[in-house]
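> sequence first, then the predicted structure:
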Amino acid sequence: MLSCNYFMSIKIILFGKLADIAGVSISVDNVADTNSLVDSLNKRYPELATTRYVIAVDKQMITENTVLNKKSMVALLPPFSGG
């Protein structure tokens, strides 16, 4: 079922150091899930490959591969510190 979603463009909002690396808002084409999104981002912005961050999809932090659709809201968040 990936063929329906595969050719869409996903808008990503970045925060903190991640925004310094890639910009505050970017778009990535041809990604169907968060694993392919990370692969694409690492190729486009090599510094992201060595930077820790959390992915949120539709305002929920995720810990495993998640299918994306054209309405998905994706954010990359720097690690949180306690306090």
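Right, received. Where do you want to start? Values in this document were obtained by computation on a predicted structure and should not be read as measured data. Residues are numbered from 1 along each chain as shown.
> quick one: the helices in the protein?
Assigned by DSSP state H, the chain shows helices spanning 2-5, 17-22, 34-44.
> what's the least confident stretch among these?
Taking the average pLDDT of each of the helices of the chain, the minimum falls on helix 2-5, with a mean of 48.
> quick check: S40 touching V28?
Yes - applying Cβ atoms under 8 Å, one finds S40 in contact with V28, separated by 5.2 Å. Heads up, the C-betas are built off the backbone N, CA and C, glycines and all.
> just checking, I21 touches Y53?
No - counting by Cβ under 8 Å, I21 does not reach Y53; the two are 9.7 Å apart.
> ok, S40 and V28, which is more surrounded?
Set S40 next to V28 and count neighbours by other Cβ atoms under 10 Å: V28 wins out with 18 against 15.
> wait, the more buried one sits on M8?
No - in this structure, V28 sits apart from M8 without contact. The criterion is Cβ under 8 Å, and the distance is 9.7 Å.
> what touches both of those two?
Residues touching both V28 and M8 (Cβ atoms under 8 Å, 6 or more residues apart in numbering): there are none.
> and I21 and Y53? which has more neighbours close in?
Y53 (19 against 16).
> enumerate every residue touching the closest residue to F80 other than its chain neighbours.
Spatial nearest neighbour of F80, chain neighbours left out: V54 (7.8 Å); criterion: Cβ to Cβ, 6 or more residues apart in numbering. Shown in contact with V54 (Cβ under 8 Å, 6+ apart): 61, 76-80.
> do that again at 7 Å, thanks
For V54, the contacting residues are 61, 77, 79, taking Cβ atoms under 7 Å, 6 or more residues apart in numbering as the criterion.
> any idea how far it is from L14?
Per Cβ to Cβ, to the nearest Å, V54 is found 12 Å from L14.
> which residues are common contacts for the two?
Once Cβ under 7 Å, 6+ apart is applied, it turns out that V54 and L14 contact no residue in common.
> return stretch 18-34 as CSV; C-alpha atoms alone will do.
Output in CSV follows, covering the C-alpha atoms of stretch 18-34 (Å, rounded to 0.1, in the frame of the first residue of the first chain):
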residue,chain,number,x,y,z
LEU,A,18,18.3,21.0,14.2
ALA,A,19,16.9,24.2,12.7
ASP,A,20,20.4,25.6,12.6
ILE,A,21,21.5,22.6,10.6
ALA,A,22,18.6,22.3,8.1
GLY,A,23,16.3,25.3,8.5
VAL,A,24,13.2,25.9,10.5
SER,A,25,10.9,24.3,7.9
ILE,A,26,11.8,22.0,5.1
SER,A,27,9.9,19.6,2.7
VAL,A,28,11.0,16.1,1.8
ASP,A,29,9.5,14.2,-1.2
ASN,A,30,9.0,10.5,-1.8
VAL,A,31,8.9,9.2,1.8
ALA,A,32,6.3,6.8,3.0
ASP,A,33,7.4,6.4,6.6
THR,A,34,9.7,7.8,9.2
